[in-house]
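Participant: Sequence and computational prediction follow.
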Amino acid sequence: MLPNWFTSQPNGWQLRRLKHIGQVVSGTGFPHEFQGRKDQKIPFLKVSDMSIPGNETWINNHTNTVSEEEASELGARIIPAGSVVYAKIGAALLLNKRRLLKVPSCIDNNMSAFVPELVSPEWALRWMSNIDFSEYVNPGAVPSFTEGQQKDLPFLVPPNRGRTTYSNFFGQRNRPHRRLDRGKGTHAGSAGREAHCPH
């Protein structure tokens with residue numbers, strides 16, 4: 001299923017799925033007794049950290065840290081810098097906030113991370129910020145997003161990593177976390193071809 005604003009893709013771009021472009025990593029439970037310290041090496045992020053001033057694009061500030069030994073004890077994966085983090089459950093999921101990790105970090109079990117391997121972190125953030133998760137999640141009183149659903153999200157791969165290419169696709173929108181206006185489609189659609197997302 002493609003975003004409802006996406007009608008066609010530019011020539012030379014590839015429409016894939018998230019699982020073909022990088023890794024999806026689920027967060028880990030973060031017991032209260034480990035929370036509240038800021039003097040350890042590894043940030044341990046919660047959904048609320050994405051709303052801290054200064055974290056509008058990159059996570060520059062955080063409220064909790066753990067040591068490498070504690071991360072191992074908790075079974076928490078240390079996610080590399082440049083990964084895209086987001087909420088995966090509850091009302092926060094529907095806010096469609098995405099952020100980039102500035103340093104290697106752990107995330108709690110209300111979050112997921114996408115570790116891009118075939119595209120730049122900036123493009124991963126920009127594309128994913130234009131996906132409305134509400135179109136893909138499990139409905140209900142508590143919206144949720146399984147790892148499988150996340151892996152199957154559509155992802156458009158540019159022919160190169162140049163900033164000009166990104167600007168051409170999204171027009172003059174210079175804020176990487178701003179979503180496209182509904183109903184306007186892509187600015188490059190008229191020069192593209194019918195979109196198809198492979199399995």
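Facilitator: Yep, it's here.
Participant: alpha carbons only for contacts and neighbour counts from here, please
Facilitator: OK.
Participant: I'd say I21 and E117 touch.
Facilitator: Yes - I21 lies in contact with E117 (CA atoms under 8 Å); the separation is 5.9 Å.
Participant: And these two? Which one has more around it.
Facilitator: A direct count of neighbours by other CA atoms under 10 Å for I21 and E117 places I21 higher, at 19 against 13.
Participant: what residues are up against that one?
Facilitator: Neighbour list for I21: 116-119, 155 [criterion: CA atoms under 8 Å, 6 or more residues apart in numbering].
Participant: now for those, which pair is the farthest apart?
Facilitator: Largest separation among the contacts of I21 by CA to CA: E117 and F155, giving 12.6 Å.
Participant: Using the centroid of the chain, identify the residue furthest from it.
Facilitator: Relative to the C-alpha centroid of the chain, counting by CA atoms, centre = their mean, E33 is the outermost residue, at 28.2 Å.
Participant: so what's it up against?
Facilitator: E33 neighbours (CA under 8 Å, 6+ apart): none.
Participant: Give me the pLDDT for it.
Facilitator: For E33, the model assigns a pLDDT of 96.
Participant: In three-state terms, label it for me.
Facilitator: helix (DSSP: H, G, I helix; E, B strand; the rest coil).
Participant: go on, K19?
Facilitator: The local conformation at K19, judged by three-state DSSP, is helix.
Participant: Any idea how many residues pack against the nearest residue to it once chain neighbours are set aside?
Facilitator: If the residues on either side of it in the chain are set aside, K19 comes closest to K151, at 4.7 Å by CA to CA, 6 or more residues apart in numbering. The number of residues packed near K151 is 19, by other CA under 10 Å.
Participant: I'd say K151 and L18 touch.
Facilitator: Yes - judged on CA under 8 Å, K151 makes contact with L18 at a distance of 5.0 Å.
Participant: quick one, strands of the protein?
Facilitator: Under the criterion DSSP state E, strands of the chain are mapped to 8-9, 14-17, 22-26, 42-45, 58-59, 65-66, 84-87, 98-101, 106-107, 111-116, 154-157, 193-194.
Participant: quick one: which of the ones you listed is nearest V142?
Facilitator: strand 84-87 (12.5 Å).
Participant: Give me the contacts around the closest one.
Facilitator: With CA under 8 Å, 6+ apart, strand 84-87 has contacts from 47, 93, 96-101, 110-116, 121, 124-125.
Participant: what's the distance between that strand and the middle of its chain?
Facilitator: The chain centroid and the centroid of strand 84-87 are separated by 5 Å under CA atoms, centre = their mean, to the nearest Å.
Participant: ok, that strand: who's next to it in the sheet?
Facilitator: Using DSSP bridges, strand 84-87 pairs in its sheet with strand 98-101 (antiparallel), strand 111-116 (antiparallel).
Participant: Find the residue at the geometric middle of this protein.
Facilitator: V84 (3.9 Å).
Participant: mind checking how far that one is from Y136?
Facilitator: 18 Å (CA to CA, to the nearest Å).
Participant: Over to S83?
Facilitator: Applying CA to CA to S83 and Y136 gives a distance of 21 Å.
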